[in-house]
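>>> model this:
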Amino acid sequence: MSCHIDVLSAAKVIVELKGKNEFSPKEIIEYMKLNGTTYAESTIRTHIVSRCCVNAPEHHAVRYKYFERISRGLYKLYKE
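I've put the predicted structure just below:
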């Protein structure tokens, strides 16, 4: 799979477990590490805060509308 798919899957699990549509990059990174990810922490964090975040500055040619930043260090699953 691709990192963006793995990050999205992890976010969905965390949101489901918490019963609340919010998560931090730290929660995603910890979850992915516990599940044996081969991605570097910096790669995972970049996907969460930039590449997959609808309200982040446009720094990547390809972006995914998965997450929305709701406050410093806190994100939610984005629904159009």
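>>> just how off-centre is whatever helix or strand Glu27 lives in within its chain?
Secondary structure from DSSP states H and E places Glu27 in helix 25-34. Chain-centre distance of helix 25-34: 10 Å, with C-alpha atoms, centre = their mean, to the nearest Å.
>>> What is it packed up against?
For helix 25-34, the packing partners by 3 or more C-beta pairs under 8 Å, 6 or more residues apart in numbering; DSSP states H and E come out as helix 3-18, helix 41-46. From N, CA and C alone the C-beta is placed, and that goes for glycine too.
>>> Tabulate those helices (a markdown table), appending mean pLDDT and distance to Pro57.
Below are those laid out as a markdown table (pLDDT from 0 to 100; distance: least, C-beta to C-beta, whole Å):
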| stretch | mean pLDDT | distance to Pro57 |
| --- | --- | --- |
| helix 3-18 | 97 | 17 |
| helix 41-46 | 97 | 13 |
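>>> confidence score at Tyr64?
On pLDDT, Tyr64 comes in at 94.
>>> With the one 10 residues further on instead?
In this prediction, Leu74 carries a pLDDT score of 97.
>>> which phi and psi does it have?
The phi and psi torsions at Leu74 (degrees, to the nearest 10) take the values phi -130, psi 130.
>>> is it true that it touches Lys26?
No: contact criterion C-beta atoms under 8 Å: Leu74 and Lys26 do not qualify, at 10.4 Å.
>>> Quick one, which of the helices and strands packed on helix 25-34 gets closest to Lys65.
helix 3-18 (10.5 Å; C-beta to C-beta).
>>> Tell me how far that closest one lies from the chain's centre.
For helix 3-18, the distance to the chain centre is 7 Å (C-alpha atoms, centre = their mean).
>>> quick one, that helix and helix 25-34 angle?
With axes from the mean of the first three to the mean of the last three C-alpha atoms, to 10 degrees as the basis, helix 3-18 and helix 25-34 are set at 100 degrees to each other.
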